[in-house]
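>>> generate coordinates for the sequence data below:
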Amino acid sequence: MQRGRNPWETIHESNPQEMLERGEKVNLTPLLIMQGALDNNMLPEAQQKFVATYKAAGGTCAFHLFENSVHEWVAEPGPQTDKAREMVKEFIAQRLMA
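As a prediction, the model looks like this:
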């Protein structure tokens, strides 16, 4: 039998969206979020809400929605995956030059 708190009691403590909404002091590292428009695991609307909240807290967040793409779209070779890889390279290069 597990002792201590039930993990579901603490799920909201470390939820990034909720941490920002509570106004917790957090390190706002620049983020790149790439989202499949057809993702039914992490809904695009949830990501868009997070991006808006992150920016409102003073963070930098680039968000790119990939049309006709599902949750694990970058696992399959193709133009969308190639584009995503180039975006990641550019994002990292920009951060290294900052």
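>>> who's in contact with the residue nearest to the spatial centre of the chain?
The centroid of the chain falls nearest to I33 when counting by Cα atoms, centre = their mean (4.6 Å). I33 makes contacts with 47, 50-51, 61-64, as judged by Cβ atoms under 8 Å, 6 or more residues apart in numbering. For glycine as for every other residue, the C-beta is placed from the backbone atoms N, C-alpha and C.
>>> and the strands in this structure, which stretches?
Counting by DSSP state E, the chain has strands at residues 31-36, 61-66.
>>> can you say which of the ones you listed is packed in most?
strand 31-36 (a mean of 18; mean count of other Cβ atoms under 10 Å).
>>> where does pLDDT dip in the protein?
Counting by pLDDT under 70, the low-confidence segments of the chain come to 1-5.
>>> quick one: the helix of greatest length in the chain to strand 61-66, angle?
What stands out as the longest helix in the chain, according to DSSP state H, is helix 79-97. Interaxial angle, helix 79-97 versus strand 61-66 (axes from the mean of the first three to the mean of the last three Cα atoms, to 10 degrees): 170 degrees.
>>> which elements pack onto helix 79-97?
strand 31-36, strand 61-66 (3 or more Cβ pairs under 8 Å, 6 or more residues apart in numbering; DSSP states H and E).
>>> pairing partners for the last one, with directions?
Based on DSSP bridges, the pairing partners of strand 61-66 within the sheet are strand 31-36 (parallel).
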